[in-house]
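Visitor: with the input below, show me the fold.
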Amino acid sequence: MLNFIGSNHATLGAAIIDLDGTMVDTLGDFAEALNRMLSDLALPAIAAPAIEQMVGKGSEHLLRSVLHHVLGLAGKAPTAIEVDAFYARAWPSYQQHYLSINGDYAQVYPGVVAGLQALRHAGLRLACLTNKPTAFALPLLRAKGLDGYFEQVFGGDSFARKKPDPLPLLKTCEALQTEPARTLMVGDSSNDAQAARAAGCPVVLVTYGYNHGLPVQAVDADGYVDSLELLLA
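Guide: Prediction:
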């Protein structure tokens, strides 16, 4: 156990780490899988910068945002019925393509391995909590050699609600057998911070991830780090 830098929170016993944008840069995976899906649907391609602003609230939200974007390229806002009609075909296509390329176009951020090793060496229990489907998250962690650091891995389909709802954090704390006040949330966006605040967890955000196109320093958090290596004093 150790004291979280720059805070007055109780001594920490555990940390919950987000995946996309926090440990792994998966924008390339998203772009490849989504554009293969759009090709299947005979829809226009989407550029990576547009995708980056849509990442973070789970695959369902991502797909609907992408469909709304590409269907609106002709200048006419698509109706919910039009989006729903494409979504029924988009989800199985996206799932197939994402699983086939999972991790191929993604890179672990600098400092992640060293940061996880330091957290483990300090005696913290670790869990990975992501809004990504569990079937996508587990193979990605294995492919990048990160799975062995975590006692628990929970995806966006593990609980009834996703971040920014506090439920996933509270359930992860239960699984780790730690109190929220002694469990640090590490993420990259307002989803992570809002969930942590509501759950009663301290929260630190990385400065390099995906925050819906907005500066992460504007998000209410206990601290900001340029690398997971810098989490501990």
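
Visitor: any low-confidence regions in the protein?
Guide: Along the chain, segments meeting pLDDT under 70 span 1-10, 233.

Visitor: tell me which helix or strand the closest residue to residue 232 other than its chain neighbours sits in.
Guide: By the measure of CB to CB, 6 or more residues apart in numbering, the closest residue to residue 232 outside its immediate chain neighbours is residue 118, 5.5 Å from it. Every C-beta, even on glycine, is put in place using the N, C-alpha and C of the backbone. Element membership for residue 118, per DSSP states H and E: helix 112-121.

Visitor: what is that helix packed up against?
Guide: Secondary-structure packing of helix 112-121 (3 or more CB pairs under 8 Å, 6 or more residues apart in numbering; DSSP states H and E): strand 125-129.

Visitor: name every strand pairing with the strand it packs on and say which way it goes.
Guide: With DSSP bridges as the criterion, the sheet partners recorded for strand 125-129 are strand 14-17 (parallel), strand 152-154 (parallel).

Visitor: quick one: that strand to helix 112-121, angle?
Guide: Strand 125-129 and helix 112-121 are oriented at 140 degrees to each other (axes from the mean of the first three to the mean of the last three CA atoms, to 10 degrees).

Visitor: gap between strand 125-129 and the chain center?
Guide: A distance of 13 Å separates the centroid of the chain from that of strand 125-129, by CA atoms, centre = their mean, to the nearest Å.

Visitor: just list whatever residues bridge to residue 17.
Guide: If you apply DSSP bridges, the partners that residue 17 bridges to are residue 128, residue 186.

Visitor: and residue 20, what are its phi and psi?
Guide: Here is the backbone geometry of residue 20 (degrees, to the nearest 10): phi -70, psi 130.

Visitor: show me what contacts residue 173?
Guide: Neighbour list for residue 173: 14, 16, 179-180, 183, 199, 201 [criterion: CB atoms under 8 Å, 6 or more residues apart in numbering].

Visitor: and the gap between it and residue 199?
Guide: Applying CB to CB, to the nearest Å, one obtains 7 Å for the distance of residue 173 from residue 199.

Visitor: what touches both of those two?
Guide: Counting by CB under 8 Å, 6+ apart, the contacts common to residue 173 and residue 199 are residue 180.

Visitor: for burial, what's the neighbour tally of the closest residue to residue 140 other than its chain neighbours?
Guide: In space, residue 140 comes closest to residue 103 once its chain neighbours are excluded; the distance is 5.1 Å by CB to CB, 6+ apart. Burial of residue 103, expressed as a neighbour count using other CB atoms under 10 Å, amounts to 18.

Visitor: let me see the backbone angles for residue 103.
Guide: Backbone dihedrals for residue 103, given as degrees, to the nearest 10, come out at phi 90, psi -20.

Visitor: the residue nearest to residue 232 against residue 231, yeah?
Guide: Yes - the pair residue 118 / residue 231 is scored as a contact, 7.3 Å apart, by CB atoms under 8 Å.

Visitor: who's more crowded, the two?
Guide: More neighbours surround residue 231 than the other of residue 118 and residue 231, with 24 against 17 (other CB under 10 Å).
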